[in-house]
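1. 3D, please:
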Amino acid sequence: MAIVDVRILVEGASDVEVVSKALQGLALGSEYNITISSIIPTTNVEIAKSAAAGADLLIIATDADRVGRDLAERLFSELSEMVGHVERMKLPLGHDLEHVDVELVRKELKNTLVRAGLKSLQVLPEYMALRNQLLDLKGRYDGLSEEYRKLREEYEAITKAFEELKEENERLKEENEGLKALLESSKNIYRIDEAWKSLFPAEPVPDETYIGKAVEKLGLAGKVIVGQGYIFAEDKGLVDELLKTVYLSLSIKEEPPKPPKPPVEGPEPREEPKVIENAEVKPGDIEDLLKGL
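-> Numbering: from 1, shown residues only. Modelled structure (predicted):
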């Protein structure tokens, strides 16, 4: 448990002696868990502000007469915003330690501490309500912080993707502008349909992407450009050769395979006997031939 910092403000040095003597008979640390960190003898508001700032409890101990009451009220209004709680304590008249009833001062000091504690209890429900409200706001804040973090990550990812698309768009735009300038500055531009029909009037015009693949497969990239329904090439003959190759490829692709020849039915042809010229026929050979028949 935290120690409560209590400071006592008195009018003069003689009051310091009186209050110090009264404190000797109090076990504030064990009974109230508090400590008297300082006793401040001053009537100057600025000095009091400097000495009391940050205290958990400030006790303004002044005389019980009208002058002491006015001083206490003035200090209370000036210092109440700078400390946790301010409490008034009345000192008995007289500043001579020998003639002051120290026990009376000690009793008044204890009563002041009790009053401060009871007043603190009165604001405890309000404090708990504010505490619960604070915890609720903290939970909402944490939830909003997590949502913000996720949105921030999503925003950064979208921004990165946008920048990449922007760069790609600039690259394609530059490439397209270069291609457009190249096509506009060249005279060797031919419409695909016209160039095809000039070679193969009866055949349908192939798809532009097929011709583009042919350019790539034949290693003509850079020499022939296909796009937007046009063919660009420095040599018209190169365009004709390209289209002829495409036509040949399509013809081979569309030609159905020839069916295999059917097997020949009937007896297999007998092998003609071989005639050996100038061969000597022996009688035994004729007999063997007759036996075989």
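
2. outside of the helix or strand containing residue 76, which residues touch it?
-> Assessed by DSSP states H and E, residue 76 sits inside helix 66-79. If you take Cβ atoms under 8 Å, 6 or more residues apart in numbering as the criterion, helix 66-79 is touched by 9, 11, 43, 45, 48-49, 52, 58, 60, 62, 86, 88, 90-91. C-betas here are computed from N, CA, C, even on glycine.

3. list the buried ones in it?
-> Neighbour-count burial for helix 66-79 flags 68, 71-72, 75, 79 (criterion: 16 or more other Cβ atoms under 10 Å).

4. immediately after the helix or strand hosting residue 46, which helix or strand?
-> If you go by DSSP H and E, residue 46 is part of helix 45-52. In the C-terminal direction, the helix or strand that comes right after helix 45-52 (DSSP H and E) is strand 57-63.

5. Okay, angle between that next one and helix 45-52 too, please.
-> Calculated by axes from the mean of the first three to the mean of the last three Cα atoms, to 10 degrees, strand 57-63 forms an angle of 140 degrees with helix 45-52.

6. Next, the angle from strand 57-63 to helix 66-79.
-> Using the same axes, to 10 degrees: strand 57-63 against helix 66-79 is 160 degrees.

7. Pairing partners for strand 57-63, with directions?
-> Applying DSSP bridges, strand 57-63 is found paired with strand 4-10 (parallel), strand 86-91 (parallel).

8. Send over that strand as CSV, restricted to the C-alpha atoms.
-> Output in CSV follows, covering the C-alpha atoms of strand 57-63 (Å, rounded to 0.1, in the frame of the first residue of the first chain):
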residue,chain,number,x,y,z
LEU,A,57,-3.1,15.8,1.9
LEU,A,58,-2.4,19.4,2.9
ILE,A,59,-3.4,20.5,6.4
ILE,A,60,-3.7,24.3,6.9
ALA,A,61,-3.1,24.8,10.7
THR,A,62,-4.0,28.3,11.7
ASP,A,63,-5.2,30.0,14.9
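
9. Ramachandran angles for residue 235?
-> Here is the backbone geometry of residue 235 (degrees, to the nearest 10): phi -130, psi 130.

10. just to revisit the earlier point, can you put the strands paired with strand 57-63 in CSV and add mean pLDDT?
-> As requested, the strands paired with strand 57-63 are exported to CSV (pLDDT from 0 to 100):
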stretch, mean pLDDT
strand 4-10, 89
strand 86-91, 87
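
11. For residue 204, which of these is the nearest?
-> strand 4-10 (98.4 Å; Cβ to Cβ).

12. How far does the closest one sit from its chain's centre?
-> 51 Å (Cα atoms, centre = their mean, to the nearest Å).

13. Following that strand in sequence, what is the next regular element?
-> helix 13-23.

14. Point out the other helices and strands that the helix or strand following that following helix packs with.
-> Helices and strands here follow DSSP H and E; after helix 13-23, the next one along the chain is helix 28-32. The contact analysis (3 or more Cβ pairs under 8 Å, 6 or more residues apart in numbering; DSSP states H and E) places helix 28-32 against strand 34-41, helix 102-122.

15. for the ones you listed, which one sits closest to residue 231?
-> Closest among the helices and strands packed on helix 28-32, using Cβ to Cβ: helix 102-122, at 93.6 Å.

16. Enumerate the positions of the closest one that are buried.
-> 102, 105-106, 108-110, 112-113, 116.
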